[in-house]
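Chemist: From the sequence below, what's the structure:
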Amino acid sequence: MVLSQRQRDELNRAIADYLRSNGYEEAYSVFKKEAELDVNEELDKKYAGLLEKKWTSVIRLQKKVMELESKLNEAKEEFTSGGPLGQKRDPKEWIPRPPEKYALSGHRSPVTRVIFHPVFSVMVSASEDATIKVWDYETGDFERTLKGHTDSVQDISFDHTGKLLASCSADMTIKLWDFQGFECIRTMHGHDHNVSSVAIMPNGDHIVSASRDKTIKMWEVQTGYCVKTFTGHREWVRMVRPNQDGTLIASCSNDQTVRVWVVATKECKAELREHEHVVECISWAPESSYSTISEATGSETKKSGKPGPFLLSGSRDKTIKMWDISTGMCLMTLVGHDNWVRGVLFHSGGKFILSCADDKTLRVWDFKNKRCMKTLNAHEHFVTSLGMYCSPVLDSKYRTRETSSSASSPAEDQAGHSHSRISMFCAVF
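Modeler: Prediction:
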């Protein structure tokens, strides 16, 4: 680095002041001559002690740089290990831990669903205030609001590219949004009542929706036409979710059943009946969990040599059930929540189940040992939704990091106060 003439002069004067003030008279005289400083000019008082100040400042900065480098190395280590240093954890063992990374406020009514963008560090929430909000989960910043529905937004879903977002509402419509331009590009009509659930199929060509009109419909993304209607539930269909390859869809209902449908034929492959109340939520098991499930439950492997598929269901009877779809059998029942179970999913590491409920908690279950291993007091009111962002360390199909999130408040409390906060639990892998 080359000093400017002004910087060189200031440095020379600071050195001269240091030599003189510390009694190095001979060196001071020689230096003044060599540096061509005016021997008759008194050194400006502003240079008094300047060299020592610069030196100590450099030392402090070096120390600060070393501290920041250490923190950066810790952050890199946490990114790859999934937990704080000193707790060397396999990423498959990562579970949410308090405190929450952010508490996001902005909705004027209860939050109904929260999901993550499949590519970017973006989280999207739906609410009874008829809006969809977009958040940056890295910073906790609010980004924008999508408006178009005229009643409560019940569910939202991204396609695998993250370019399209589907939403459904109590206004009986399904909307398809261009998530790059944040514009509604299509509105689908056809249900006769509240549309309670929506999901974009894995191939991205179709959307499935479930409604209080007791039906499940499949829509063509390109045209917005309804191409299939699945009938069989006797009450309000609460949720519909496709499996990983899109050959099956599962649905749950107020009729206390879970049904699994073959997409190609519209045939009901299985009707699962063991819950004693409304079934609120369902979630397919990732293939990474199949071996652990088989080991934990003694589930038989099919002739194809591949176990599964497996499905979770959560109910107002306060239980979570795991099902083997190939046999239609309930493999286990997890008991522990003190109120309606509103969200359930498999941890992408394949060892845990996460659930949320109206008892205000988020629970982590070790399903191999059939026990609740951690309970987090997630919110001050009902916890209605749970989402998880899968890590590439755990599943090569996903190219991101792992995060889980729960959304609060499905209804007003007894005093009439509605709660609309989202707490986000995040681990950097």
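
Chemist: roughly how far is stretch 169-187 from the heart of the chain?
Modeler: 22 Å (Cα atoms, centre = their mean, to the nearest Å).

Chemist: Stretch 256-264 now?
Modeler: So, by Cα atoms, centre = their mean, the centroid of stretch 256-264 is 27 Å from its chain's centroid.

Chemist: Endpoints of that stretch, how far apart?
Modeler: 25 Å (Cα to Cα, to the nearest Å).

Chemist: Contacts for it next, please.
Modeler: With Cβ atoms under 8 Å, 6 or more residues apart in numbering as the test, stretch 256-264 has contacts from 201, 216, 218, 228, 230, 232-233, 242, 246-253, 267-273, 275-279, 282, 311, 313, 315, 323, 325. Every residue, glycine included, has its C-beta placed from N, CA and C.

Chemist: In that stretch, which residues are buried?
Modeler: 256-261, 263 (16 or more other Cβ atoms under 10 Å).

Chemist: cool, and stretch 102-121?
Modeler: If you call a residue buried by 16+ other Cβ under 10 Å, then stretch 102-121 has these buried ones: 102, 104, 106-107, 109-118.

Chemist: do stretch 185-197 as well
Modeler: 186, 188, 190-191, 194-197.

Chemist: Same list (those) but as JSON lines, adding secondary structure, pLDDT and distance to V122.
Modeler: Shown next, in JSON lines, are the buried residues of stretch 185-197 (DSSP: H, G, I helix; E, B strand; the rest coil; pLDDT from 0 to 100; distance: Cβ to Cβ, whole Å):
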{"residue": "R186", "secondary structure": "strand", "pLDDT": "96", "distance to V122": "21"}
{"residue": "M188", "secondary structure": "strand", "pLDDT": "97", "distance to V122": "24"}
{"residue": "G190", "secondary structure": "coil", "pLDDT": "96", "distance to V122": "29"}
{"residue": "H191", "secondary structure": "coil", "pLDDT": "97", "distance to V122": "28"}
{"residue": "N194", "secondary structure": "coil", "pLDDT": "97", "distance to V122": "27"}
{"residue": "V195", "secondary structure": "strand", "pLDDT": "98", "distance to V122": "24"}
{"residue": "S196", "secondary structure": "strand", "pLDDT": "98", "distance to V122": "24"}
{"residue": "S197", "secondary structure": "strand", "pLDDT": "98", "distance to V122": "21"}
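
Chemist: coming back round to it: nearest to C330, of the buried residues of stretch 102-121?
Modeler: Distance ranking of the buried residues of stretch 102-121 against C330, using Cβ to Cβ, places R113 first at 26.4 Å.

Chemist: Make sure I have this right: that closest one is in a strand.
Modeler: Yes - residue state for R113 (DSSP: H, G, I helix; E, B strand; the rest coil) corresponds to a strand.

Chemist: show me the contacts for it.
Modeler: 125-126, 153-156, 384-385, 407.

Chemist: among these, which one has the lowest pLDDT?
Modeler: Taken together, the contacts of R113 show their lowest pLDDT at A407, with 46.

Chemist: Using CSV, lay out the buried residues of stretch 102-121 together with distance to L176.
Modeler: Listed next are the buried residues of stretch 102-121 as CSV, based on distance: Cβ to Cβ, whole Å:
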residue, distance to L176
Y102, 29
L104, 25
G106, 23
H107, 22
S109, 23
P110, 24
V111, 21
T112, 18
R113, 16
V114, 19
I115, 15
F116, 19
H117, 16
P118, 16
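
Chemist: Fine by me, we can end here.
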